[in-house]
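Q: Provided below are the primary sequence and the corresponding predicted coordinates.
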Amino acid sequence: MSAPLAQLGTHPEGELAEGPLSAIRPWPLDTPGGRFYAEWDGDTPTTRDGQLIFFFQFLKAGGRWEQLMANCPIHYSGNRGSGAHNVMGTILLSILAGHWRYAHINSIRVDAINPPLLGMQQTVSEDTVRRAIRRIPEETGMNWPRKEVLDCIAPALELPWILDIDTTVKPLYGHQQGAEIGYNPRKPGRPSHIYHSYFVANLRISLGVEVLPGKQHAAAGGMPGLWQTLNALPRSRWPTFGRGDCGYGSEKVMREFEERRLPYLFKQRHTPKVKDLIRDCMRFGHQWQDTGDGWQAMEATLKLHGWTQERRVVLVRENPAQAPVGKQGRRRRNHQDLPNTDGDGWELGTTSCALEWKDRCSSHFLGRAGVSNAIDATALS
């Protein structure tokens, strides 16, 4: 018999002795292409593509690759077709390699290791990928990946979450469909696309991006794509509220949110009426409430020209002692002419808000800046 059980402690002291990596036996990994065995070799140089087998195991375990191919609109007939698996597998390998142009696909055609992991017979050329994508109807090609993305992240949307929406200008070089000369602050006169992006706040999860011609930079232009995305989700998975910059603080956008009973938090431009409201509220210093981190907030009502009704707004201001100064002072507006602006002045902001006061509108207002990096990264990819 083996050693007595009494000699085997439940929690042994110390750590297990680690042997060399070469002594570790290969372990099985189930991928879309079947079962493969992986092992560590400390003496052989590796590339970044050598770790893809673990990602393919994830695709197999979650059934994502099988579902993607089952709903794929690319179909071939006959024994001379390239095959949907080969085409989509080539696209996936190219994306994982960091490619962003069709011409880059040719660099992975020499890969003989990763294609079998996806169940591919071979990789295909860039021309084959172009022809396959061109055969997909536009509406089908938009709905298919949108549905797959929502299916991947839908379980996480059961928890309360915030929707961040924004528009980004993507300058273009060359001749591309929809390239128009429109609003382009960084490169005036350069044709561009407009990205209307929808993100899950703080998680950098993209619900979708609507790519529109350069002249359709207005925030309202991306609303049809947003509602199409949200309508594909049950109401229980809708966001707690939507959040956007001053481009979304218009009558048209706010009415669409109100008709769907979806709360919102949008910045407002400092128009003359907004400035008058700020000037009036600054006189009531005792009514401003502390919201933490040196910020104060105050509720009011406002009806701008073109609005069909009076709406609730929340004014926020930063403590003068913590307001930006020096090199950072350029992002602060000059409010020295307002009442009760002692010291270095206040950093002020105005939002149209359909949230309750207890929801800390000021903290949500400040959190809006966190999504800018994710949106810029989308435009540059």
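A: Everything's here; your move.

Q: C-alpha only now, for contacts and for neighbours.
A: Will do.

Q: Can you give me the end-to-end span of stretch 109-119?
A: The straight-line separation of the ends of stretch 109-119 (Cα to Cα, to the nearest Å) is 15 Å.

Q: Next, give phi and psi for I165.
A: Main-chain torsions, I165, degrees, to the nearest 10: phi -130, psi 150.

Q: need the contact list for it.
A: Counting by Cα atoms under 8 Å, 6 or more residues apart in numbering, I165 touches H196, S197, Y198, F199, G242, R243, G244.

Q: Show the pLDDT at W100.
A: We note a pLDDT of 83 for W100 in this prediction.

Q: and the end-to-end length of stretch 146-164?
A: 17 Å.

Q: which of the contacts of I165 lies closest to N231?
A: Y198 (13.8 Å; Cα to Cα).

Q: What is the three-state secondary structure of that closest one?
A: Here Y198 is recorded as strand under DSSP: H, G, I helix; E, B strand; the rest coil.

Q: Quick check: bridge partners of it?
A: Going by DSSP bridges, Y198 is paired in beta bridges with I165, G208.

Q: Next, the contact list for it, please.
A: Neighbouring residues of Y198 by Cα under 8 Å, 6+ apart: L163, D164, I165, D166, S206, L207, G208, V209, L226.

Q: Select, from those residues, the two members most distant in space.
A: L163 and V209 (13.2 Å).

Q: which residues of the chain score low on pLDDT?
A: Along the chain, segments meeting pLDDT under 70 span 1-24, 293, 319-362, 366-381.

Q: again, 50 this time
A: 1-6, 8, 321, 330, 332, 335-339, 341-345, 358 (pLDDT under 50).

Q: Scan it for its longest helix.
A: helix 138-153 (DSSP state H).

Q: Which other helices and strands does it contact?
A: Judged by 3 or more Cα pairs under 8 Å, 6 or more residues apart in numbering; DSSP states H and E, helix 138-153 is in contact with strand 205-213.

Q: about what we covered before: now flag whichever of the contacts of I165 is closest to L172.
A: H196 (16.1 Å).

Q: Do you have the helices of the protein handy? List them.
A: Using DSSP H, helices in the chain cover 52-62, 64-70, 84-96, 114-117, 126-134, 138-153, 223-231, 251-259, 272-282, 361-367, 372-380.

Q: would JSON lines of those with mean neighbour count and distance to M298 be doable?
A: Formatted as JSON lines, the helices of the chain follow (neighbours: other Cα atoms under 10 Å; distance: least, Cα to Cα, whole Å):
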{"stretch": "helix 52-62", "mean neighbour count": "16", "distance to M298": "48"}
{"stretch": "helix 64-70", "mean neighbour count": "14", "distance to M298": "48"}
{"stretch": "helix 84-96", "mean neighbour count": "19", "distance to M298": "48"}
{"stretch": "helix 114-117", "mean neighbour count": "20", "distance to M298": "58"}
{"stretch": "helix 126-134", "mean neighbour count": "15", "distance to M298": "53"}
{"stretch": "helix 138-153", "mean neighbour count": "14", "distance to M298": "36"}
{"stretch": "helix 223-231", "mean neighbour count": "15", "distance to M298": "29"}
{"stretch": "helix 251-259", "mean neighbour count": "15", "distance to M298": "21"}
{"stretch": "helix 272-282", "mean neighbour count": "16", "distance to M298": "8"}
{"stretch": "helix 361-367", "mean neighbour count": "18", "distance to M298": "9"}
{"stretch": "helix 372-380", "mean neighbour count": "15", "distance to M298": "26"}
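
Q: Same list (the ones you listed) but as a markdown table, adding distance to P32.
A: Listed next are the helices of the chain as a markdown table, based on distance: least, Cα to Cα, whole Å:
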| stretch | distance to P32 |
| --- | --- |
| helix 52-62 | 5 |
| helix 64-70 | 7 |
| helix 84-96 | 11 |
| helix 114-117 | 6 |
| helix 126-134 | 21 |
| helix 138-153 | 17 |
| helix 223-231 | 29 |
| helix 251-259 | 42 |
| helix 272-282 | 58 |
| helix 361-367 | 40 |
| helix 372-380 | 29 |
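
Q: now L150: how far from W161?
A: 14 Å.
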